[in-house]
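*Asks:* The sequence and its predicted three-dimensional model are supplied below.
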Amino acid sequence: MGPAEQLKTDYFQQLQKLIPHGPAWSENDELLMGLAPAFAAVHQRAIDFVRETNPSQTIELLERWEYCCALPDSCSIPGADTIEQRQERLAVKFNLTGAITEQFYLDVLTELGYPNATITTFEGVEGEEFTWQVNMPFETKIREMSCLGICSDSIRTWGETTAECVLNKLCASHTILNFTYPE
C-alpha cells in the first residue's frame, strides 16, 4: 500500500471512530468512504506546500522564489538550466552568507553539486599570490533530462559554466580564479 492509499485508509479509520454508535451508521459507510480521499488529498497538499517552502526542493513556486532572489541572473543560460539546476542555484543564492575563506567557496561548490571539489592556493609562489584554483572532481558534469523537467529543458547538458560564473562573481576582485578539470 502506497503512502496516498495509507492516508486514505487512516482518514477512513479516524472518521469511523468519530461517528456515534448505533444503527444509523454502518461500518463501511459510503459517506465516510467518500470523505476520506478528500481529507487525504488536503493532507497531501499540505505536505506539498511544506516542500515548497524549501528553495532547494520547490517546484510549483520555483519562478516566484527565483523572482525574490533576482534569478535568473548573468550566470544563468536561458533555456539550458534544468529544474534541478535552478533549484541548486536558488539554494546557493538564498543561503549565501558570504566570506572570503576557502571553506566558504567549498560550501558554495557543495551546494552547486560538487562536494569533492578542492581549492589550491599559490600564496608562496611569487607573482601568483592572488591566484587560486578550483579543482573540479570530474571532467564535466553531464545531466540528462528528467521527468521533473519541463518541455524546454535540454535533453542533455555538460560542462559547468554555472559554477565558474557563480564563483567568479563571489571571489574577491583582486584575485584570479582558475578552474581545472581532470582529463
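*Replies:* Here it is on my side, so go on.
*Asks:* How about the backbone phi and psi for residue 173?
*Replies:* Backbone dihedrals for residue 173, given as degrees, to the nearest 10, come out at phi -70, psi -20.
*Asks:* Near it, how many other residues are there?
*Replies:* 4 (other C-beta atoms under 10 Å). For the C-beta atoms, the positions are set from N, CA and C on the backbone; glycine is no exception.
*Asks:* Residue 66: how many residues sit nearby?
*Replies:* Neighbours of residue 66 (other C-beta under 10 Å): 21.
*Asks:* So, low pLDDT: which residues of this structure?
*Replies:* Applying pLDDT under 70 to the chain picks out residues 80, 139-145, 154, 156-160.
*Asks:* so how far is residue 65 from the residue nearest to the spatial centre of it?
*Replies:* Centroid check for the chain by C-alpha atoms, centre = their mean gives residue 56 as the closest residue, at 2.7 Å. Separation of residue 56 from residue 65 (C-beta to C-beta, to the nearest Å): 10 Å.
*Asks:* Now for the residue nearest to the centre of the chain: which residues touch it?
*Replies:* When the contact criterion is C-beta atoms under 8 Å, 6 or more residues apart in numbering, the partners of residue 56 are 87, 88, 90, 91.
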